[in-house]
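**Student:** quick one: sequence plus predicted model below, questions after.
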Amino acid sequence: MQRQIFTKTGMLAFATVLTLCSPLTSTFVVSAGAAQPCSKAAALQGPSDDRRTSEEIRRRIAADDTVSPLARQVVVTTTEGVVTLRGPVGSAEERLVLASLAESAPGVRRVDDRLEVRP
């Protein structure tokens with residue numbers, strides 16, 4: 001959202017208000033002075049944000065008691081908010097659990113499920 005601001009010289013200026021993306025707030029993020037829809041906000045994250053996202057997903061997988069030892073070895077990578085899951089899992093249900101754990105992590109725009117079910 002933009003607000004009108006009058007400067008000391010009486011000139012009209014605009015300021016863009018930063019609002020974080022969440023279900024409870026508005027849908028814009030500021031980048032380079034312009035408001036962008038939240039769908040583009042994740043693209044603004046850098047390599048360190050992607051690294052933190054991957055680490056958080058790995059922690060969630062390790063903490064889930066329903067995940068098999070095989071699935072705990074899944075490779076998790078994140079690039080610009082897109083998470084890729086690679087590796088073997090024990091069942092189709094486990095595949096869904098891992099995808100769900102990844103989707104619910106902060107900073108995730110989308111999950112690329114490249115998991116292989118190995119009974």
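**Tutor:** Good, I have the coordinates.
**Student:** list the buried residues of the longest helix along the chain.
**Tutor:** As assigned by DSSP state H, the longest helix anywhere in the chain is helix 47-63. Within helix 47-63, the residues scored as buried using 16 or more other C-beta atoms under 10 Å are 49, 50, 53, 54, 56, 57, 58, 60, 61. The C-beta positions use only the backbone N, C-alpha and C, and glycine is treated the same way.
**Student:** the residue nearest to the first one when sequence neighbours are not counted sits in which helix or strand?
**Tutor:** Think residue 49. Distance criterion C-beta to C-beta, 6 or more residues apart in numbering; nearest residue to residue 49, sequence neighbours excluded, is residue 107 at 5.8 Å. Residue 107 is part of no helix or strand, with elements assigned from DSSP states H and E.
**Student:** roughly how far apart are residue 107 and residue 54?
**Tutor:** 10 Å (C-beta to C-beta, to the nearest Å).
**Student:** same question, residue 68
**Tutor:** From residue 68 across to residue 54, the span is 20 Å (C-beta to C-beta).
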